[in-house]
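J.: Just to be clear, the model below is a prediction. Sequence and coordinates:
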Amino acid sequence: MAKYLVTGAAGFIGRSIAAALLARGESVRGVDSLITGKRSNLIGLEAMEFLEGDLADPAVCVQACHGVEIIFHEAALASVPRSVADPISTNRNCVTATLNLLVAARAAGVRRVVYAGSSSAYGDTPTLPKHEGMLPNPISPYAVAKLAGEHYMQAFARVYGLETVVLRYFNVFGPYQDPTSHYSGVLAIFCRRMLAGDQPTIYGDGGQSRDFTYIDNVVHANLLAAAAPAEMVAGRMMNAATGSRITLNDTFRILCDLTGYQGQPAYAPPRAGDIRDSLADISRARELLGYTPLIDFREGLRRTVEWYRTTQTA
Ligand code: UD2
């Protein structure tokens, strides 16, 4: 019987958490609809019990939660522009799926759920860094959907005593992030294109900034959140990030060095729903989890470029 359930286990973040758990010798079940997750991401995770299914179907949630003690809920339909194009699908895969999972988790006697929140909840307010005491201000359907999941987590902690912990991720990047979709994260897209000698496109003037967070830091935060005493973390929400930011223009220049790309970026109009600046205050995660980032942005980007260099053929 699996002790841990990882939802979205064939996706970028879920697969990385599952790998870390397996490396520790834990028993892990993974569930994924394979809508955006990829079967190839399961290579190396053969010790994980894998269930293909859609959490928007309550029966799948029941099957996934059976016998489990702790859930890492990473399954989602990521991307702000995807949600602008199709808010119904984002709601189904982020909100309906999350509520179904919580209902099934409670019924199965699951002890703790660690939820992948999103920095998009803060919206486009000028205050930096973003701290957890700020009022949420979601401006895209994606941000609304991820924030609704946070509120469900907190409600299930208060009303049913489920130990839920929300980690608000800030622009996670690293190996296994899908670079092939128009809706992929910007660093995955840029790495792939620039390594292939193709021109990347910057939406807006490139002055927008992000607290890009290397995947190992987020995995670390999750493992800490699963292990922290309930009185410290149950029903709480905290940022998971690095606490530093960089603009897209500066990131492009670093990527030129790392990839050898010699051209200029193309510039296109800003995307609807986009946020200008994002930077986390990480003091709450430090205090509640003892979290400190393990890998800084430049080292993370170096490792990421190397991973794409060796795994992408075109
Ligand atoms: C949001 C969340 C992030 C995560 C993510 C999931 C914020 C601040 N961050 O990321 O935490 O939940 O959603 O999808 O809300 N861009 C280009 N060229 C490209 C692709 C993107 O210039 O080819 C720009 C894009 O317009 C944006 C920046 O790069 O200004 C980052 O875009 P992204 O899609 O990687 O992530 P973002 O910030 O929407």
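T.: Thanks, I have it. Residues are numbered from 1 along each chain as shown.

J.: Not counting its own residues, what contacts stretch 39-50?
T.: Contacts to stretch 39-50, defined as Cβ atoms under 8 Å, 6 or more residues apart in numbering, come from residues 2, 6, 9-12, 15, 18-19, 22, 27-32, 176. Heads up, the C-betas are built off the backbone N, CA and C, glycines and all.

J.: For this structure, which segments are assigned as strands?
T.: Ranges of strands in the chain, per DSSP state E, are 4-7, 28-32, 49-52, 70-73, 112-118, 163-169, 172-173, 201-203, 209-210, 213-214, 236-240, 246-247, 266-268.

J.: who's in contact with the spatially closest residue to V60 that is not a sequence neighbour?
T.: Spatial nearest neighbour of V60, excluding adjacent residues (Cβ to Cβ, 6 or more residues apart in numbering): G53 at 3.5 Å. Neighbouring residues of G53 by Cβ under 8 Å, 6+ apart: 31-33, 60, 63-64.

J.: What is the nearest of those to A196?
T.: Comparing the contacts of G53 against A196 with Cβ to Cβ places D32 closest, at 27.7 Å.

J.: that older thread, can you redo the strands of the chain as a markdown table with mean neighbour count?
T.: Converted to a markdown table, the strands of the chain look like this (neighbours: other Cβ atoms under 10 Å):
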| stretch | mean neighbour count |
| --- | --- |
| strand 4-7 | 30 |
| strand 28-32 | 27 |
| strand 49-52 | 16 |
| strand 70-73 | 26 |
| strand 112-118 | 26 |
| strand 163-169 | 27 |
| strand 172-173 | 24 |
| strand 201-203 | 17 |
| strand 209-210 | 22 |
| strand 213-214 | 27 |
| strand 236-240 | 25 |
| strand 246-247 | 17 |
| strand 266-268 | 11 |
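
J.: Quick one, grab the pLDDT at the nearest residue to A108 once chain neighbours are set aside.
T.: Spatially, and ignoring its direct neighbours in sequence, A108 is nearest to C65 (3.9 Å; Cβ to Cβ, 6+ apart). For C65, the pLDDT comes out at 98.

J.: neighbours of C65, just the number please.
T.: 25 (other Cβ atoms under 10 Å).

J.: From G53, how far out is it?
T.: Separation of C65 from G53 (Cβ to Cβ, to the nearest Å): 12 Å.

J.: can you tell me the distance between the two ends of stretch 104-117?
T.: 20 Å (Cα to Cα, to the nearest Å).

J.: Now do it, average pLDDT.
T.: Average pLDDT, stretch 104-117: 98.

J.: who in the chain is up against the ligand?
T.: By Cβ under 6 Å from any ligand atom, the residues of the chain that approach the ligand are 78-80, 118-120, 169-171, 185-186, 189, 201-203, 208, 210, 248, 271, 274-275, 278.

J.: PyMOL command for the buried members of those?
T.: Selection of buried members from the residues of the chain next to the ligand for PyMOL, criterion 16 or more other Cβ atoms under 10 Å:
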select buried, resi 78+79+80+118+119+120+169+170+171+185+186+189+202+203+208+210+248+274+275+278
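
J.: what residues are up against A97?
T.: A97 makes contact with 54-56, 61, 75-76 under the criterion Cβ under 8 Å, 6+ apart.

J.: oh, I was asking about D274
T.: By Cβ under 8 Å, 6+ apart, the contact list for D274 reads 80, 203-204, 208.

J.: Out of those, flag the one nearest to L288.
T.: V80 (28.0 Å).

J.: wouldn't L101 be in contact with V31 here?
T.: No: judged on Cβ atoms under 8 Å, L101 makes no contact with V31 at a distance of 9.1 Å.

J.: Overlap in contacts, the two.
T.: 7, 55, 64.

J.: still on that earlier bit, how about the contacts of D274 in JSON lines, adding pLDDT?
T.: Listed next are the contacts of D274 as JSON lines, based on pLDDT from 0 to 100:
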{"residue": "V80", "pLDDT": "97"}
{"residue": "Y203", "pLDDT": "98"}
{"residue": "G204", "pLDDT": "98"}
{"residue": "Q208", "pLDDT": "98"}
